[in-house]
Every structure is written in C-alpha cells, then in structure tokens.
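In: Just a sequence and a predicted model for now, questions to come.
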Amino acid sequence: MRQRATSAAARNERRDAILAAAAEAFDRLGFAETRMAWLAEQAGVAKGTVYLYFPTKEAVFLALYAREMGGWFDGMEKALEKLPVDDIARLAGAFVDAIERQPRLPPLAAILHTAFERNSDEADVLAFKRHMLNRMLETGYRLESTMSFLAPGDGARLLLRLHALLIGCWHAATPAPVANRVLQRSELGAIRVDFSEELENTLVLLLEGWRRIGGGF
C-alpha cells in the first residue's frame with residue numbers, strides 16, 4: 001500500500017512539474033512557441049515522460065487551463081461568502097477581482113476553443129468539459145443563494161455567459177501591435193477597451209437585465 005501511494009504521489013509530482021513548466025512557458029514564450037522538449041527540460045523529466053501524461057501540447061495546456069479555472073472558482077466561492085444579497089455591483093467587482101488574481105486565465109481562455117481543444121483527444125476534452133460543468137454547477141448554486149433573482153440553474157448559465165464575456169473582452173482589449181498603436185490616437189479613444197473596466201461594466205448590465213426580465217433574454 002505504501003509503495004502504491006508513493007508511486008501515486010510521484011506521478012502527481014511529475015504532472016504538477018509539467019504543468020508548472022507549461023505555465024512558465026506560456027508566460028515567457030506563448031503557446032505557439034512552446035515545445036514539449038522544453039517542457040520536459042524545465043520539469044526535469046525525459047521528453048517521453050511528458051507524453052506519458054499528456055499526448056499532445058494542447059492536452060498539457062488544456063490541463064493548465066483547468067487548473068487556472070479551478071483557482072478562479074475557488075477564489076470566487078470565497079468571495080461569495082462575504083457578499084451581501086443582491087448587490088450586483090459588488091458581485092461584478094468580485095468576478096473581476098477573482099480574474100485579476102489569475103492573470104494567466106484571460107489569455108488562456110482566449111485560445112481555449114481555437115487551440116487547446118483542437119488537437120486534444122476526445123476523452124480528454126470530455127473529461128475537461130465534465131469537470132468544468134461540475135465546477136460551474138457548484139459555484140452557480142452559491143451564486144443563486146447570493147442573488148435572489150437567479151432561478152435554479154441560472155447560476156451556471158451566468159457563469160457560462162461570463163466566460164464568453166471574458167474571452168470577448170480580452171480579445172477587444174489586446175489588439176495586434178499595429179492596431180494597438182493606431183488606437184492610441186486621441187480620435188479613437190471611444191473604441192479603446194480597458195479589459196477589467198469593460199468586463200465589470202458589461203457584467204453589471206447583464207445582471208441588471210437578468211434581474212428585470214430573467215436569464216432567458
């Protein structure tokens with residue numbers, strides 16, 4: 001039993017080391033430039049060992065994204081314990097604060113559907129989706145306890161829409177370098193997007209609409 005437990009602990013340590021290397025690679029190199037050999041070197045394992053845990057680079061980053069989202073869900077659930085009932089502005093602020101504490105999350109989310117899920121095994125994607133659904137349902141239930149206008153199931157639907165807003169706002173707020181230079185012109189100030197500000201303001205509007213006419217709008 002002890003040997004089996006030790007082996008499981010060693011496997012978890014190696015997996016964690018690979019994910020830590022992936023996080024560093026994403027910050028330093030970006031997804032496109034990351035190579036499995038680099039991850040292996042940084043994690044202190046053989047290249048073949050990485051493939052024992054993750055069949056593709058996309059699978060590594062899918063797991064990294066799940067870990068980052070887990071951190072966000074944990075932070076959000078702690079924040080919900082302190083929020084007053086039906087305080088929409090405070091809730092929107094808590095959403096954004098939790099995201100800002102996971103700075104890697106928005107750029108990862110921005111390429112989740114276009115990169116990480118493209119070359120991952122169906123079984124890995126299914127496991128990821130099921131994990132996300134379970135976390136959304138858990139946190140969604142707590143949201144429904146905090147916002148009285150949310151009907152059963154609305155909490156998870158709200159989180160799904162938040163995820164879509166997160167991706168859209170991040171893309172709008174991080175344009176290509178040439179577009180970013182152009183947007184610095186004073187005449188274009190009205191279409192410059194600040195990520196956190198835009199996300200929080202849009203969330204307030206979404207929640208106010210939800211309170212007035214329900215989540216089926």
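Out: Right, received. Where do you want to start?
In: in the protein, which spans are helices?
Out: For the chain, the helices defined by DSSP state H cover 2-28, 36-43, 47-53, 57-80, 88-100, 105-110, 122-146, 154-173, 177-183, 195-213.
In: possible to save those helices as CSV with distance to residue 189?
Out: All C-beta atoms are positioned from the backbone trio N, CA, C, and that covers glycine. CSV is the format used below for those (distance: least, CB to CB, whole Å):
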stretch, distance to residue 189
helix 2-28, 30
helix 36-43, 40
helix 47-53, 46
helix 57-80, 31
helix 88-100, 22
helix 105-110, 23
helix 122-146, 35
helix 154-173, 14
helix 177-183, 8
helix 195-213, 13
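In: Need phi/psi at residue 193.
Out: For residue 193, the backbone dihedrals (degrees, to the nearest 10) come out as phi -120, psi 120.
In: mind listing what it touches?
Out: When the contact criterion is CB atoms under 8 Å, 6 or more residues apart in numbering, the partners of residue 193 are 169, 172, 173.
In: how much space between the second one and residue 179?
Out: Meaning residue 172. The gap separating residue 172 from residue 179 is 10 Å, by CB to CB, to the nearest Å.
In: Those two: which has the busier surroundings?
Out: residue 172 (15 against 10; other CB atoms under 10 Å).
In: Can you tell me, leaving aside adjacent residues, what's nearest to residue 55?
Out: Leaving out its chain neighbours, the residue that sits closest to residue 55 by CB to CB, 6 or more residues apart in numbering is residue 121, at 6.1 Å.
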